[in-house]
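# pasting a predicted model and its sequence here:
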Amino acid sequence: MEQKKEMNVYVYVLILTSVTALILSVLYTSLNPMFVANKAAAKRKAILKCIPAKMDLGDDKKVNEAYAKIEMIAVSPAGEVYDTTKLEAINAMVANGAKKYNNLEQLDLANEEKKNEKDRVYPVYKYSGEKTYYVVAVRGNGLWDKIWGYIALEEDLNTVAGVFFDHKNETPGLGAEIKDSEAFKEQFVGKKIYDEKEEVQLAVIKREPPKGDEHNVKGISGATITCDGVTNMFQNGMKHYDNYFEVLKPKSKVSDASL
Amino acid sequence: MADTIVEPAKKGGLFGKEEKRLILDPLHSDNPITIQVLGICSALAVTSQVYKSLVMAIALIFVCAFSSLIISLLRKSIPGSIRMIVQLLVIAGLVQIVEIVLGAFAYSAYEQLSVFIGLIITNCIVMGRLEAFAMGDKHTPWQAFLDGIGNGLGYGWVLVGMAVVREIFGKGTLLGFSVMPESYVLNNLMVLPASSLFVIGVFIWIQRALDPTLVDKS
């Protein structure tokens, strides 16, 4: 009696997995556009957050309004400029399983890292409000996993106007403070990235930097490796923009820096 | 309160004595975290902020309740040899639903919890309740559902309670609002995962001090 017809195990599993898969795929396809939109909005917000101009980022609509002042391009380390019309050229360089982009805004350093080094492109976001800011993206290694950030530069392409950091898996209260601590991020404002020789000098150091120091910010105690990661992120990340900045710099002195 | 109109013959109806016990016991005398000491991993990981732990608690209540319901409905048909695989499939499916829904409607929570939502699959409480309760022939699907909710709530209130303590002392805020006086020096230990071990310990201590019947006699 107890042994009464148990359904065939394979049939049972097949039915159950099909039903589960069906439910999940219907749910996924119907909700994924919202997820993608949320992700894009979060990225826009991150970029806008490091720009010191006053703006209200209360909801997605206001974020998009503020973001309308941003013009985005991508640059290669060699200094070639790709705007939205040249998306094909960027997509033509994909390799090693990197994804193609449907629009330039999807440009993502994590995806670029998969490409061959010479084919990578890096985003530049030009904000034209009362003042002009250039926002660049950097990415590097923290203690446990990747860290990344956006850096807003003043028109001189050297002075930091604001920063935004994020991380995948840094320790809460220690490494994660690069994102959470406003005091840490505020230190960067007004610092100079390059010295006279155009070398990247901006660094996170262990102690309070001396008064009038232009290049150093005080690190977070207990998070030395993450802070060193931030320093390296600047060292390695900014050099991709060198050639582009070179072209931009003389122009920016002549009133209009057209991208 | 007790709704005795529907199926009055069946052990006190929808909210009879037995059903009340299923909801209330896990809150105190059979609490999954403080008494059974299950689901500790996530209790350590997501209790640094109240908002995070609230979302986590809701997600777990949902997964626990519906997996119990589904498994209880299926229990007579599930082939014995793949019992646990089926349970896991149901749990994983529900967790995916939570993840997709959070990603679409509560993106900031999704970002903050990311990996821990996925880890509900391995939360011992969920599977433990399925094995111990929902699979049992004596319990109706409705009872299994309530058992799931009860255990989810039992897990949830401890989680949120811990998060309140940790956020107030570690960050000086509650749900992001500043609550401590300016002069308070933030206790960084409270932000670290290790502090939740102390906090859980104190919770267990207080609970047993208030109710000595919970103390293990041996």
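Structure's in. What do you need? Nothing here was measured: the structure is a model prediction, and the numbers come from that model. Residues are numbered from 1 along each chain as shown, chains lettered A, B, ... in the order given.

# can you pull the residues of chain B lying near chain A?
Within chain B, the positions adjacent to chain A are B:48, B:77-82, B:85-86, B:89-90, B:93, B:96-97, B:100-101, B:103-105, B:107-108, B:110-111, B:170, B:188, B:191-193 by C-beta under 8 Å from any C-beta of the partner chain. Glycine gets a C-beta too; all of them are placed from N, C-alpha and C.

# please narrow these to those residing in helices.
B:85-86, B:89-90, B:93, B:96-97, B:100-101, B:103-105, B:107-108, B:110-111, B:170 (DSSP state H).

# A:Ile147 contacts A:Gly229, correct?
Yes. Counting by C-beta atoms under 8 Å, A:Ile147 touches A:Gly229, with 5.5 Å between them.

# more neighbours, those two?
A:Ile147 (26 against 23; other C-beta atoms under 10 Å in any protein chain shown).

# skipping its backbone neighbours, what lies nearest the closest residue to chain A within chain B in space?
Ranked by C-beta to the nearest C-beta, the top residue of chain B for proximity to chain A is B:Val191, at 3.1 Å. Closest residue in space to B:Val191, ignoring its immediate chain neighbours: A:Gly173 at 3.1 Å, by C-beta to C-beta, 6 or more residues apart in numbering or on different chains.

# now do that neighbour, the pLDDT please.
Per-residue confidence at A:Gly173 stands at 77 (pLDDT).

# need the longest helix for chain A.
Ranking each helix of chain A by length (DSSP H) puts helix A:9-49 first.

# quick one: average confidence on it?
91.

# by contact count, what packs against it?
Packing partners of helix A:9-49 (3 or more C-beta pairs under 8 Å, 6 or more residues apart in numbering or on different chains; DSSP states H and E): helix A:60-67, strand A:146-153, strand A:160-167, helix B:83-105, helix B:107-118.

# tabulate those in a markdown table, adding columns for distance to A:Cys50.
Formatted as a markdown table, the helices and strands packed on helix A:9-49 follow (distance: least, C-beta to C-beta, whole Å):
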| stretch | distance to A:Cys50 |
| --- | --- |
| helix A:60-67 | 12 |
| strand A:146-153 | 4 |
| strand A:160-167 | 4 |
| helix B:83-105 | 25 |
| helix B:107-118 | 18 |
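
# of all these, which lies closest to A:Lys54?
helix A:60-67 (9.9 Å; C-beta to C-beta).

# what distance separates that closest one from the middle of the whole chain?
18 Å (C-alpha atoms, centre = their mean, to the nearest Å).

# so which residues make contact with it?
Residues outside helix A:60-67 that contact it (C-beta atoms under 8 Å, 6 or more residues apart in numbering or on different chains): A:37, A:41, A:44-45, A:47-48, A:55-57.

# mind checking which helix or strand A:Tyr101 is in?
Per DSSP states H and E: A:Tyr101 is located in neither a helix nor a strand.

# so how far is A:Ser25 from B:Val50?
To A:Ser25, B:Val50 is 34 Å away according to C-beta to C-beta, to the nearest Å.

# more crowded one of the two?
The neighbour comparison of B:Val50 against A:Ser25 (other C-beta under 10 Å) goes to B:Val50, with 23 against 10.

# tell me who's in contact with that one.
Here B:Val50 is in contact with B:160, B:163-164, B:167, B:174-175 (C-beta under 8 Å, 6+ apart).

# got a quick PyMOL command for the buried subset of these?
Selecting only the buried entries of those in PyMOL, with 16 or more other C-beta atoms under 10 Å in any protein chain shown as the criterion:
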select buried, chain B and resi 160+163+164+167+174
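
# can you tell me which of the contacts of B:Val50 are in helices?
Using DSSP H, these in helices are B:160, B:163-164, B:167.

# tell me the SS of the residue of chain A found nearest chain B?
Per C-beta to the nearest C-beta, A:Gly173 is where chain A lies closest to chain B, at 3.1 Å. Judged by DSSP: H, G, I helix; E, B strand; the rest coil, the three-state class of A:Gly173 is coil.

# which residues touch it?
Per C-beta under 8 Å, 6+ apart, neighbours of A:Gly173: B:48, B:170, B:188, B:191-192.

# what's the farthest-apart pair in these?
So, the contacts of A:Gly173 by C-beta to C-beta: farthest apart are B:Ser48 and B:Asn188, at 11.2 Å.

# which one of the two has more residues nearby?
Ranked by neighbour count (other C-beta under 10 Å), B:Ser48 and B:Asn188 place B:Ser48 first, with 24 against 17.

# picking up where we left off before, and the helices and strands packed on helix A:9-49: which comes nearest A:Asn111?
strand A:146-153 (12.1 Å).

# which strands or helices does the closest one pack on?
helix A:9-49, helix A:109-112, strand A:132-141, strand A:160-167, helix A:224-238.

# please redo it, this time with the cut-off set to 6 Å
strand A:132-141, strand A:160-167 (3 or more C-beta pairs under 6 Å, 6 or more residues apart in numbering or on different chains; DSSP states H and E).

# quick one: average pLDDT of the last one?
Translated: strand A:160-167. Strand A:160-167 comes out at a mean pLDDT of 90.

# right, is that strand up against chain B?
No. For a cut-off given as C-beta under 6 Å from any C-beta of the partner chain, strand A:160-167 has no contacts with chain B; the smallest distance is 9.2 Å.

# neighbouring contacts of stretch B:81-100?
Stretch B:81-100 is contacted by residues A:9, A:20, A:24, A:27-28, A:31, B:59, B:63, B:66-67, B:70-71, B:78, B:117, B:120-121, B:126, B:130 when judged by C-beta atoms under 6 Å, 6 or more residues apart in numbering or on different chains.
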